[in-house]
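Student: Generate a structure from the sequence data that follows.
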Amino acid sequence: MSIFDALETLIKFAVGAIIALMVLRFAISWLRVNPFSWFAYQVHRLTEPLVHPLRHTPFAMTTRHDIAPLLVIILVLIVAYFLLGLLGQVRVATGYLLEAMWAFARGHPLTAVRYALGATALVLISLLITCIILEVIFSWVGFYGNWLTRMVRRVSEPVLGPFRRMIPPVLGTIDISPLIAILVLSLVSSAVRVIFLS
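Tutor: Model prediction:
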């Protein structure tokens, strides 16, 4: 098993564990299990760090029931999807980096440089797209003010900023600049594959 397979398995296990805990939290609430029992207390203690930040989002505050655990499940699934996509791109880039080393060892330095540049660009573009999508998701659910959102914004804002200045919101409120940025980055990624990795 490669390190990429191990990381993929770890991500899927973490997602499964979080979803199972959230379902247990739902069940405890619906079945009105004594919240001070050992089992209910442990489930609440394990899930509260994830649930608490989402309890004050606009979606959660407009409903009569506590839907923060459901928001956690949706958010975790979306984040895992893009993390697995990013991991797949890193796997491809690693293969090309190995090809670059082999090409350099065989006396083809230009091919090695071309593969190395292409692989690095592919990973950076995938990371940017992932951060832009995460920033959009976080803004939808009102997920702000923690280290993850700050890190994502720090990575994505240098790319999104120019697009936001060039593209006005549709109907005065809908910001389509992330969609245009992702489209442009996807085209650049395709160009990188054709120019450097073919």
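Student: what about the longest helix in this structure?
Tutor: helix 68-105 (DSSP state H).
Student: Does anything pack onto that one? Which helices or strands?
Tutor: Packing contacts for helix 68-105, counted by 3 or more CB pairs under 8 Å, 6 or more residues apart in numbering; DSSP states H and E, involve helix 3-30, helix 38-54, helix 58-61, helix 109-141. No exception for glycine: its C-beta is placed from N, CA and C like everyone else's.
Student: and those helices, which one's lowest on average pLDDT?
Tutor: Of all the helices and strands packed on helix 68-105, helix 58-61 carries the lowest average pLDDT, namely a mean of 55.
Student: would CSV of the helices and strands packed on helix 68-105 with mean neighbour count and distance to M101 be doable?
Tutor: Output for those, formatted as CSV (neighbours: other CB atoms under 10 Å; distance: least, CB to CB, whole Å):
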stretch, mean neighbour count, distance to M101
helix 3-30, 14, 17
helix 38-54, 15, 41
helix 58-61, 14, 48
helix 109-141, 18, 7
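Student: looking at these, which is closest to L70?
Tutor: Proximity to L70, assessed across the helices and strands packed on helix 68-105 by CB to CB, is greatest for helix 3-30 (7.6 Å).
Student: follow-up on the earlier one: would you list the helices and strands packed on helix 68-105 in JSON lines and tack on distance to I167?
Tutor: Below are the helices and strands packed on helix 68-105 laid out as JSON lines (distance: least, CB to CB, whole Å):
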{"stretch": "helix 3-30", "distance to I167": "33"}
{"stretch": "helix 38-54", "distance to I167": "29"}
{"stretch": "helix 58-61", "distance to I167": "24"}
{"stretch": "helix 109-141", "distance to I167": "14"}
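Student: if we can go back for a sec, how far away from the center of its chain is the longest helix of the chain?
Tutor: Distance of helix 68-105 from the chain centroid (CA atoms, centre = their mean, to the nearest Å) equals 9 Å.
Student: Average pLDDT for it, rounded please.
Tutor: Rounded mean pLDDT across helix 68-105 is 85.
Student: What are the buried residues along that helix?
Tutor: 68-73, 75-76, 79-80, 82-83, 86, 89-90, 92-93, 96-97, 99-100, 103-104 (16 or more other CB atoms under 10 Å).
Student: repeat for stretch 148-165
Tutor: So for stretch 148-165, counting by 16+ other CB under 10 Å, buried means 149, 152-153, 155-156, 159-160, 163-164.
Student: do the same with stretch 177-186
Tutor: Applying 16+ other CB under 10 Å to stretch 177-186 flags 177-178, 181-182, 185 as buried.
Student: Show me which of those is closest to E48.
Tutor: P178 (30.9 Å).
Student: From the contact counts, what lies against the strand or helix carrying R193?
Tutor: Using DSSP states H and E, R193 maps to helix 177-196. Judged by 3+ CB pairs under 8 Å, 6+ apart, helix 177-196 is in contact with helix 109-141, helix 147-166.
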